[in-house]
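>>> Sequence and predicted structure, then a few things I'm wondering about:
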Amino acid sequence: MATCFSNAPCLFPTNGATPAAYAAALQYFAAAQCILTHDLLPEASVKNRDSFDFIVVGAGSAGSVVANRLSENKNYNVLLIEAGGDAPLESDIPGFEVSLFGTEYDWCYRTVNDGKTSQAIINGTVGWNKGKMFGGSSSINAMYYVRGNDQDYQTWYDQGNEEWSVDDVNRCFRKAENLQDGERLSDPEISEFYGHDGPLNVNKFNSTFSTYLAKVMEAWEEIGFRNVPDLNMENVNTSGYLLSTASGGVRQSTSRAYLMTAEKRSNLKILKHSLVTKVLINKKTKRAEGVVVEKNNHKYRFYSKREVIVSAGSIAAPQLLMLSGIGPAEHLREKGITPIVDSPNVGQNLQDHVVAPVFIYGDEPNEATLPNTYLDYMNYLVTRGGALAHSDIGTDASAFYSTVEGANYPDSQTILVMYPKNTPGLKEGFSRTFRYNGTVMDSIVELNKNYGIFFFGFNLLHPHSKGHIALKTKNPHDAPLIYANYLSDERDVETVVKALKMSSKIVNTEYFKSINAFLGRMDIPACNELELDSDEYWRCVSTNLASTLWHPVRTCQMGSDISNSVVDSRLRVHGVKDLRVVDASVIPSTTSGNTNAPTIMIGERGSELILEDNE
Ligand SMILES: Cc1cc2nc3c(=O)[nH]c(=O)nc-3n(C[C@H](O)[C@H](O)[C@H](O)COP(=O)(O)OP(=O)(O)OC[C@H]3O[C@@H](n4cnc5c(N)ncnc54)[C@H](O)[C@@H]3O)c2cc1C
């Protein structure tokens with residue numbers, strides 16, 4: 001006997017046509033996941049001790065761009081080495097990104113518990129997920145496409161990084177982009193702002209929360225965050241919908257954009273599941289000559305005729321440099337590594353966008369039901385729309401603002417996440433994403449039984465606090481130690497408190513009043529006695545729930561010399577010949593927003609610099 005979602009038996013008479021139709025539909029949907037499959041990248045056949053013009057380490061947001069752009073020149077042989085393999089199907093489907101967390105596609109880094117911050121996070125250790133697959137973190141991220149503010153890049157330039165003028169940076173953003181969003185394309189000013197011929201499709205999510213989001217937009221407008229059609233063009237005291245690296249309901253990782261379009265080039269060789277354990281540096285000439293690679297329990301050496309380019313990301317890039325003898329000499333000796341270049345800034349200056357929460361509860365969004373969830377899954381198969389077509393970390397509604405009155409540069413961003421009443425799996429999903437501990441989660445789940453959740457994830461754009469990355473051991477399989485040092489600078493705490501209070505004002509707007517909204521208290525023993533919405537309360541909440549937006553940068557930052565940086569402004573490693581770093585780690589100061597677009601831009605600009613220097 002058939003059963004319905006309520007588990008009540010279906011007792012109606014039927015001539016068989018209805019069950020047959022649904023059985024056929026079920027069969028269709030069971031098989032339909034095959035419609036979603038994507039191409040796998042071909043693996044190269046290479047021999048131990050082979051030589052290449054360029055060797056690129058890491059096929060992430062930046063490395064995929066570099067491998068593509070260098071191999072556009074048929075005269076260059078390029079070897080791209082990636083520790084992970086092809087991205088799985090779940091990476092393509094925007095709403096399944098969190099299902100990749102904690103799997104073989106994630107490096108699963110954790111910060112060191114400092115005993116002070118993030119104490120209401122599981123084990124006091126923040127989860128720094130990172131993509132271990134083609135596309136790197138662009139295959140696991142929330143897909144928000146945010147360029148930042150021109151002032152960010154003016155600062156880079158003013159620091160002496162002459163190759164990074166605002167004009168050059170914006171040219172490289174456009175070089176990457178292929179704007180797909182119909183609304184933006186129909187506005188000549190916005191359309192002109194973006195690129196149209198690049199490999200990377202940028203578009204809007206196909207969001208299902210649009211009715212609620214429109215109301216939140218009105219509420220933001222009411223508290224002074226003006227609604228604008230494009231947040232990349234205007235991002236101070238503004239709100240709107242973010243662009244995404246998803247198009248047609250499918251994630252646009254850099255693997256899809258830059259590698260799948262170049263895979264047929266005979267001069268681009270790709271190695272999967274291959275861990276680079278060392279860059280080979282000639283002790284006398286200080287030249288990078290190649291790399292050591294572990295694959296299937298075998299060791300290989302590959303040599304570079306021109307350059308080695310490290311694009312392993314902000315955690316693995318400094319780790320690899322240190323394993324290769326480039327780093328703070330004393331630290332290397334402590335770990336049993338002979339220093340080749342004493343480079344004190346390797347792994348230092350670490351900054352991340354710390355996240356703090358504002359939880360507002362109300363009569364909306366309405367209850368999530370299992371049939372609706374399943375309907376959404378089917379909807380995705382047929383139309384690439386529905387809940388699976390947007391990030392499951394958050395909606396695309398965001399606001400940028402400054403806590404300094406009259407400022408024309410943002411210091412704060414907030415991203416809206418919504419959970420309908422009684423969201424199934426809320427505790428598991430949230431613990432997987434932000435790792436709030438059981439006590440905190442139980443208090444959230446309890447309120448969610450009767451109220452919908454508007455979670456405003458606040459992001460401190462330009463922190464003063466700095467952490468660092470150190471080697472745990474000299475074994476390349478041991479994850480390095482991450483000292484995030486969130487909110488260790490009092491100025492950061494003050495900004496966060498001000499910003500959270502500005503953000504929480506939304507509870508008094510017309511829409512939120514109409515749904516009987518209120519600020520929810522989370523069960524954090526250290527904060528439970530404090531008055532809700534007071535400075536002390538927000539100080540306590542942000543410190544105890546300090547988490548990440550997964551934007552670590554600066555660990556190999558660019559700058560003028562070895563005393564203040566790791567690479568020069570052409571991204572060449574100070575003190576070593578023919579070795580560059582091209583990834584998020586070279587960012588010299590934080591950008592005003594999410595870091596994927598800036599990293600892809602770095603891949604574009606870095607490739608230009610490499611090609612110029614090898615003419
Ligand atoms: C969960 C999550 C959500 C995010 N959400 C957003 C967002 O919505 N919008 C946004 O703009 N940014 C977001 N980010 C940040 C953004 O994705 C990163 O800043 C960006 O991808 C960093 O690019 P990268 O090239 O420096 O490093 P990655 O993209 O991480 O690439 C590094 C690559 O190197 C490989 N590798 C590492 N070590 C080795 C080795 N020794 N040998 C061989 N290969 C190696 C890795 O496997 C990986 O493929 C998010 C990140 C995460 C993790």
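Yep, that arrived.
>>> Is the ligand within reach of the helix or strand hosting Phe456?
Using DSSP states H and E, Phe456 maps to strand 452-460. No - counting by C-beta under 6 Å from any ligand atom, the ligand is not contacted by strand 452-460; separation bottoms out at 10.6 Å. (Each C-beta comes from the backbone N, C-alpha and C, glycine too.)
>>> Show me what that strand is packed up against.
Taking 3 or more C-beta pairs under 8 Å, 6 or more residues apart in numbering; DSSP states H and E as the contact definition, the neighbouring helices and strands of strand 452-460 are strand 354-362, strand 412-419, helix 490-504.
>>> elements contacting the first one?
Judged by 3+ C-beta pairs under 8 Å, 6+ apart, the packing partners of strand 354-362 are helix 438-448, strand 452-460, helix 490-504, strand 518-519, helix 535-544, strand 547-548.
>>> got JSON lines for those, with mean neighbour count, distance to Phe512 and mean pLDDT too?
As requested, the helices and strands packed on strand 354-362 are arranged in JSON lines below (neighbours: other C-beta atoms under 10 Å; distance: least, C-beta to C-beta, whole Å; pLDDT from 0 to 100):
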{"stretch": "helix 438-448", "mean neighbour count": "17", "distance to Phe512": "15", "mean pLDDT": "97"}
{"stretch": "strand 452-460", "mean neighbour count": "24", "distance to Phe512": "8", "mean pLDDT": "96"}
{"stretch": "helix 490-504", "mean neighbour count": "20", "distance to Phe512": "10", "mean pLDDT": "97"}
{"stretch": "strand 518-519", "mean neighbour count": "14", "distance to Phe512": "9", "mean pLDDT": "98"}
{"stretch": "helix 535-544", "mean neighbour count": "21", "distance to Phe512": "18", "mean pLDDT": "97"}
{"stretch": "strand 547-548", "mean neighbour count": "24", "distance to Phe512": "24", "mean pLDDT": "97"}
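>>> Tabulate the ones you listed in TSV, adding columns for distance to Gln557.
As requested, these are arranged in TSV below (distance: least, C-beta to C-beta, whole Å):
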stretch	distance to Gln557
helix 438-448	34
strand 452-460	19
helix 490-504	19
strand 518-519	38
helix 535-544	26
strand 547-548	19
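>>> Mind putting the helices and strands packed on strand 452-460 into JSON lines with distance to the ligand?
Shown next, in JSON lines, are these (distance: least, C-beta to the nearest ligand atom, whole Å):
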{"stretch": "strand 354-362", "distance to the ligand": "11"}
{"stretch": "strand 412-419", "distance to the ligand": "9"}
{"stretch": "helix 490-504", "distance to the ligand": "19"}
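>>> Indicate which one of those is closest to Ser311.
In terms of C-beta to C-beta, the element of the helices and strands packed on strand 452-460 nearest to Ser311 is strand 354-362, at 25.0 Å.
>>> picking up where we left off before, CA atoms of the strand holding Phe456 as CSV?
Included here for strand 452-460 are C-alpha records, laid out as CSV according to Å, rounded to 0.1, in the frame of the first residue of the first chain:
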residue,chain,number,x,y,z
GLY,A,452,11.3,32.0,11.1
ILE,A,453,14.9,33.1,11.3
PHE,A,454,16.6,36.1,9.6
PHE,A,455,20.3,35.6,10.3
PHE,A,456,22.4,38.6,9.4
GLY,A,457,25.9,37.3,9.0
PHE,A,458,28.1,40.3,9.7
ASN,A,459,31.5,40.6,8.1
LEU,A,460,34.3,42.9,9.4
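>>> Could you please name the strands the following helix or strand past it pairs with and the direction of each pair?
Sequence-wise, the next helix or strand beyond strand 452-460 is strand 468-470, with elements assigned using DSSP H and E. Strand pairing for strand 468-470, using DSSP bridges, gives strand 481-483 (antiparallel).
>>> Tell me how far the strand it pairs with lies from the chain's centre.
Averaging C-alpha coordinates over strand 481-483 and over its chain gives two centres that are 18 Å apart (C-alpha atoms, centre = their mean, to the nearest Å).
>>> Report the buried residues of whatever helix or strand Leu609 lives in.
Assessed by DSSP H and E, Leu609 sits inside helix 596-613. Neighbour counts using 16 or more other C-beta atoms under 10 Å place 596-610 of helix 596-613 among the buried residues.
>>> swap in stretch 31-38?
Counting neighbours by 16+ other C-beta under 10 Å, stretch 31-38 gives His38 as buried.
>>> And for stretch 394-407?
Under the neighbour-count criterion of 16+ other C-beta under 10 Å, stretch 394-407 has Gly394, Thr395, Asp396, Ala397, Ser398, Ala399, Phe400, Tyr401, Ser402, Thr403 buried.
>>> pLDDT and distance to Leu481 added to these, as CSV?
Below are the buried residues of stretch 394-407 laid out as CSV (pLDDT from 0 to 100; distance: C-beta to C-beta, whole Å):
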residue, pLDDT, distance to Leu481
Gly394, 90, 29
Thr395, 92, 34
Asp396, 94, 35
Ala397, 96, 36
Ser398, 97, 32
Ala399, 98, 35
Phe400, 98, 33
Tyr401, 97, 34
Ser402, 98, 34
Thr403, 97, 32
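>>> how about CSV for those residues, with distance to Gly136 and secondary structure added?
As requested, the buried residues of stretch 394-407 are exported to CSV (distance: C-beta to C-beta, whole Å; DSSP: H, G, I helix; E, B strand; the rest coil):
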residue, distance to Gly136, secondary structure
Gly394, 20, coil
Thr395, 24, coil
Asp396, 22, coil
Ala397, 26, strand
Ser398, 23, strand
Ala399, 28, strand
Phe400, 26, strand
Tyr401, 30, strand
Ser402, 32, coil
Thr403, 33, coil
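>>> out of the residues you listed, who's nearest Ser139?
Closest to Ser139 out of the buried residues of stretch 394-407 is Gly394 (17.7 Å), distances taken as C-beta to C-beta.
>>> For the nearest residue to Ser542 once chain neighbours are set aside, list the residues it contacts.
Sequence neighbours aside, Ala356 is the residue nearest to Ser542 in space, at 3.7 Å (criterion: C-beta to C-beta, 6 or more residues apart in numbering). Contact partners of Ala356, counting by C-beta atoms under 8 Å, 6 or more residues apart in numbering, are Phe458, Leu460, Val496, Leu500, Trp538, Val541, Ser542, Leu545, Ala546, Ser547.
>>> What of Met260?
For Met260, the contacting residues are His38, Asp39, Leu41, taking C-beta under 8 Å, 6+ apart as the criterion.
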